[in-house]
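*Asks:* below are the sequence and a predicted model for it; my questions follow.
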Amino acid sequence: MKKAVIIIACLILIISLGKKEVITIPKEAIRFRVIANSNTEEDQSLKKQVTANIYNEFSKLNIQDKDINNARSIIKSQIQTIDNVVKNTLNETKLTKKYNINYGLNYFPEKNYKGVIYPSGEYESLVITLGDGLGENFWCVLFPPLCLLEAEESETSDVEYTSFIKEVIEKYF
């Protein structure tokens, strides 16, 4: 009987450890997207640099401490700063001078990220298009803050977790 209770307790522990937290985007959210000029190594690198520089600016603004209306006001008030960051980044690299910044309703294609499908549609967002905007893009959620600089699926590596308890159970039972 004791052995059965231990096995059941271990199974419950294994199941609870194996559950993944699913993050969904709330209805009242502001997305952020940077679209590269193309998929060349240089253009993708530039996209990453622009993204990091913009993200650095937003990290100073404490948008997460605000409600959606305050977040909108903060973003709108920072459009010139964002423009300067993009312009300076492009000037440093000398790859392209053409870009567009749009804050408002913008189209996002369907995205499957880490097993969660985000439907296509028009979403309130800040979109920066570099050059012709024909390359892969970076996107995340500015408000509430769900941005991760490694959020590009092609660049993340899946981590496989193992459970010592599971290994013992499989070995001996």
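*Replies:* Perfect, thanks for sending it.
*Asks:* what is the neighbour count of the closest residue to residue 47 other than its chain neighbours?
*Replies:* In space, and not counting its chain neighbours, residue 47 is closest to residue 36: 3.8 Å by CB to CB, 6 or more residues apart in numbering. Just so you know, the C-beta spots here come from the backbone N, C-alpha and C atoms, and that holds for glycine as well. Look at residue 36: counted by other CB atoms under 10 Å, it has 26 neighbours.
*Asks:* how near is residue 36 to residue 50?
*Replies:* According to CB to CB, to the nearest Å, residue 36 stands 9 Å off from residue 50.
*Asks:* ends of stretch 32-45, how far apart?
*Replies:* Distance across stretch 32-45, first residue to last, is 18 Å (CA to CA, to the nearest Å).
*Asks:* ok, now stretch 29-40?
*Replies:* Using CA to CA, the distance between the terminal residues of stretch 29-40 is 31 Å.
*Asks:* check stretch 111-127 too.
*Replies:* End to end - CA to CA - stretch 111-127 spans 16 Å.
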